[in-house]
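give me coordinates for this.
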Amino acid sequence: MQIDFIDSIKNAFIKAFDFKTRSSRAEFWYFYLFTIILGMISSQIDQYLSLEVARFVLFSSPNNEMILGHFWTFIYFLCFIPSFSLYVRRLHDTDKSGWWLLIMLIPFIGFATITIFCLLKGDENRNQYGDSIVQ
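This is a model prediction of the structure:
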């Protein structure tokens, strides 16, 4: 069963507290794309309305600032648990434990490792986390 963009968003929120099953690549990456788009839009709204919680200078130039405000903070907390759950379920699809997320504590190496795991094709057969997901 193929999953589309809207269904992946629905599934992420419906299964927000499901840390035991599996998730397909499409479901993971569609929701990842959704959170990036939502984060950029909320950041722009915060900037437009001058709602500032924190300000970061991205480069030495004064025009390269990122403002994190109330909308961005709300979106971040709204999507945090569904995203975390989706990461765990995506790792389960590749027959890896969710504990692998702790590798993210190692700068660069952790992010690269988890990204590679999330790009891998899931197990075609049943694994310890459930039945196969047709991708």
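
do you know how far Ile75 is from Ile41?
To Ile41, Ile75 is 8 Å away according to Cβ to Cβ, to the nearest Å. All C-beta atoms are positioned from the backbone trio N, CA, C, and that covers glycine.

pick out whichever of the two has more residues nearby.
Neighbour comparison, Ile75 and Ile41: the larger count goes to Ile75, with 18 against 13 (by other Cβ atoms under 10 Å).

phi, psi for that one please.
Note on Ile75: backbone dihedrals following degrees, to the nearest 10 are phi -60, psi -40.

touching, it and Leu38? I think so.
Yes - counting by Cβ atoms under 8 Å, Leu38 is a contact partner of Ile75 at 5.3 Å.

so for Met1, what's the pLDDT?
pLDDT, Met1: 59.

one more: the one 10 residues further on?
What the model reports for Asn11 is a pLDDT of 93.

go on, Asn64?
Asn64 is assigned 75 on the pLDDT scale.

excluding chain neighbours, give the residue nearest to it in space.
Leaving aside its sequence neighbours, Asn64 sits nearest to Leu58 (Cβ to Cβ, 6 or more residues apart in numbering; 4.4 Å).

ok, the one you found - contacts?
64-66 (Cβ atoms under 8 Å, 6 or more residues apart in numbering).

out of the residues you listed, who's nearest Glu124?
Distance to Glu124 across the contacts of Leu58 (Cβ to Cβ) is lowest for Met66, with 41.5 Å.
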